[in-house]
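[1] I'd like to go over a predicted model; first the sequence, then the structure.
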Amino acid sequence: MDKKIKYLFVGPGIIWIVVFTVFPLLYSLRLTFTDAYLNRPGNFVGIDNFLLAFNDYRWWNAFSVTIGFVTTTVFLTVILGLLLAWLFNRPVRGQKFFRAIFTMPLFVAPVALGYLGLIIFNEESGPINSFLHLFGFANIPWFTNPASARIAIILADVWQWTPFCFIVFLSAMQDISDELYDAAKLDTTSDWDLFRHITLPTIAPVIGTIAMLRMVEALLLFALPLLGTSFYLRLSYPLKTLRQ
């Protein structure tokens, strides 16, 4: 009876994974070998779709942009989260308040973040360009220039996901035994040496796991660049046409 009970508890999770993860993955893989389009049933075409994609310069451009974005945003969020966790892993006045402030971006919905980016990075009246204009700098074309648009999306993604790395890294640091630090302080009192030789090696598995999770999340990013670039262009160009 006990053996059957454990299957009863594990069963719903297994069913959920099969229905919403394994089946969609296998079905999508099957579609890549057909010429199906939306609801139209397709015929088997072998690897023609892959050959068509690999011979298209747009696919390689999208691939290089994606790799550059994922590498940059994962590196920045992990480094910034690690730095913030190291700074707050000590008695600091108002620590709970700052923790609450730092974790707020984590709960922003992707759609809301996209619209927030439209406001912050607005090329004509956004706060960033307005601030730069005060010091005599020209407005940055955040959404109409490909390079600037990538930077804007990276900054928005880093702002949202750095708190996630910060929370996990801080929890990992606080789980380190004080005895390790007390023993290490017999040889050195440098905070950098303690971090490099005690903290960093101890939480290295956590850093690797978080980097992997961030990489997966960055590869799945869709709403932010869609709302932050395409939607802006749809709004801006008709307005410019009417003004002319």
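    Sure, I can see it. Numbering: from 1, shown residues only.
[2] where does the protein have low pLDDT?
    Scanning the chain for pLDDT under 70 picks out 1-3, 92, 228-244.
[3] centre-most residue in it?
    The centre of the chain sits closest to A218, judged by Cα atoms, centre = their mean, with a distance of 4.2 Å.
[4] let me know whether that one touches T73 as I believe.
    Yes - counting by Cβ atoms under 8 Å, A218 does reach T73; the two are 5.3 Å apart. C-beta: built from backbone N, CA, C; applies to glycine.
[5] between these two, which contacts overlap?
    By Cβ atoms under 8 Å, 6 or more residues apart in numbering, A218 and T73 have these common neighbours: D157.
[6] can you tell me how far L220 sits from R196?
    According to Cβ to Cβ, to the nearest Å, L220 and R196 sit 33 Å apart.
[7] an error on my part: the question was meant for N39.
    58 Å.
[8] so which of those two has more stuff around it?
    R196 (11 against 5; other Cβ atoms under 10 Å).
[9] quick check: phi and psi at that one.
    For R196, the backbone dihedrals (degrees, to the nearest 10) come out as phi -70, psi -40.
[10] could you do R40 as well?
    phi -80, psi 120.
[11] and what of the one 5 residues further on?
    V45 has phi and psi values of phi -120, psi 10 when expressed as degrees, to the nearest 10.
[12] check contacts around it.
    F33, T34, D35.
[13] W161 is in contact with R214, correct?
    Yes - contact criterion Cβ under 8 Å: R214 and W161 qualify, at 6.4 Å.
[14] cheers, nothing more for now.
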